[in-house]
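Enquirer: Kindly return the folded structure for what I paste below:
(one chain, ligands or ions: 1)
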Amino acid sequence: MTPTHTILLEDREVPYRLKRSPRRRTVGITVLPGPLVEVSSPARMAMPPLEAVLKAKGRWILKQMAVFSAPVPPPLQLKEGAALPFMGQRLPLKVCNLAGRQRVMAGNGKLWLDPGKTNLEGTFDPQAARKTLEKWYKLQAQNTLEERAYHFGRLLGVVPAKVRVKEQKRRWGSCNSKGMVYLNWRLIMAPPQVLDYVVAHELCHLKEMNHSPRFWDLVASVVPDWKTHRSWLKLHGNSLVW
Ligand SMILES: [Zn+2]
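Expert: A predicted model of the protein is given here:
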């Protein structure tokens, strides 16, 4: 996604991508990680009024961009004692060699990783360990997120066609009109309330395919403090990595 235009906001040159749509009646602004600014406008809106809207929202746009420009923490080194995020906690990694094959287990407030084969010095291939760990995280994510999706489905009176955990670069969740719900597997690293907010958000879209006040009322009916969780993700989403 490359920017198509630029605009001066509070003395800063801000590139943005303009998408025109015949269905739109108002200007919509989205700031995505990157940061990338995406502007959706009615098909025939002239540039001066469009730019006036952007300037009026200038401070907000720059604030959102600052959130995404926050430094991304460097990837954790997978070694004994590394604190890995899981369900809102930081679990210290314990490297053990019990079964002689790659596996991961959570227990006693720790994450146990058997890296499988080690070389003569007792060190293991971090690349392979990362893969083993990722597989385990994805499995936990699939089980937990699916269970939460059906929980919120029952509360809302909707049944998702399928709930799938995916690798998603820029989103925490998405869904479509066929009732498919896709969730970012990294959500399993977030606190359970935050994970619930994202699941509930997508489930509410199965009833309201928009972000109208009606949609947010629906979200609030199942997750009353959704705003707190949304801000948490904006501020800390970047740290859900290892
Ligand atoms: Zn949404």
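Enquirer: For beta bridges, what are the partners of Gly173?
Expert: Beta-bridge partners of Gly173, counted by DSSP bridges, are Leu183.
Enquirer: so who does it touch?
Expert: 181-184, 187, 198-199, 201-202 (C-beta atoms under 8 Å, 6 or more residues apart in numbering). For the C-beta atoms, the positions are set from N, CA and C on the backbone; glycine is no exception.
Enquirer: With neighbour count as new columns, can those residues be given to me in JSON lines?
Expert: Formatted as JSON lines, the contacts of Gly173 follow (neighbours: other C-beta atoms under 10 Å):
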{"residue": "Val181", "neighbour count": "25"}
{"residue": "Tyr182", "neighbour count": "18"}
{"residue": "Leu183", "neighbour count": "28"}
{"residue": "Asn184", "neighbour count": "24"}
{"residue": "Leu187", "neighbour count": "26"}
{"residue": "Val198", "neighbour count": "23"}
{"residue": "Val199", "neighbour count": "29"}
{"residue": "His201", "neighbour count": "23"}
{"residue": "Glu202", "neighbour count": "22"}
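Enquirer: gap between the longest helix anywhere in the chain and the chain center?
Expert: Assignment by DSSP state H gives helix 126-156 as the longest helix of the chain. The chain centroid and the centroid of helix 126-156 are separated by 13 Å under C-alpha atoms, centre = their mean, to the nearest Å.
Enquirer: now the strands for the protein?
Expert: Assigned by DSSP state E, the chain shows strands spanning 5-9, 12-21, 28-32, 36-42, 83-86, 89-95, 103-107, 110-114, 162-166, 173-175, 180-184.
Enquirer: can you list contacts of the longest one?
Expert: Same thing as strand 12-21. Outside strand 12-21, the residues that reach it (C-beta under 8 Å, 6+ apart) are 1-8, 36-43, 45, 50, 54, 61-62, 65.
Enquirer: for the residue sitting nearest the centre point of the chain, what are its contacts?
Expert: Residue closest to the average C-alpha location in the chain (C-alpha atoms, centre = their mean): Trp172, at 2.8 Å. Contacts for Trp172 (C-beta under 8 Å, 6+ apart) come out as 183-184, 187, 198, 233, 237.
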